[in-house]
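Trainee: Fold the following, please.
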Amino acid sequence: MAAEDALKAIAQVDATHAAKTIRIPTLYLRATEDRMEPAAAGETYARLVPGGRIVDVEGPHFLLQANPGSAAQVIREFMQRVV
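Mentor: Residues are numbered from 1 along each chain as shown. So this is what the prediction gives:
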């Protein structure tokens, strides 16, 4: 499957109903310089996932690779709150 086909397949998935059923703490790391995922995706997440938390982290789409230290710090703090 070509990358373009994979992206088209992903774009056709609607997980809206499944997202509304999430009942555990979740974290959305939103990259401040993401050119692949629109900022509006975070707003959709916030609207659909009860109690979901969004944290902006400086960096591009591949945030964990581009800014692992900041991402790890945010994840660590989130885990300390929920455990």
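
Trainee: Ignoring the adjacent residues along the chain, who's closest to the residue nearest the centre of the chain?
Mentor: The chain has Tyr28 as the residue nearest its centroid, 3.8 Å off, counting by Cα atoms, centre = their mean. Here the nearest residue to Tyr28 in space, its sequence neighbours aside, is Ile54; by Cβ to Cβ, 6 or more residues apart in numbering that works out to 4.6 Å. (C-beta placed from N, C-alpha, C; glycine too.)

Trainee: which SSE is that neighbour in?
Mentor: According to DSSP states H and E, Ile54 maps onto strand 53-57.

Trainee: Only the buried residues of that strand, if you could.
Mentor: Of all the residues in strand 53-57, those buried under the rule 16 or more other Cβ atoms under 10 Å are Arg53, Ile54, Val55, Val57.

Trainee: Look through the protein and tell me its longest helix.
Mentor: Of all the segments assigned as helix in the chain under DSSP state H, the longest by residue count is helix 68-82.

Trainee: buried ones in that one?
Mentor: For helix 68-82, a neighbour-count test (16+ other Cβ under 10 Å) marks Ser70, Ala71, Val74, Phe78 as buried.
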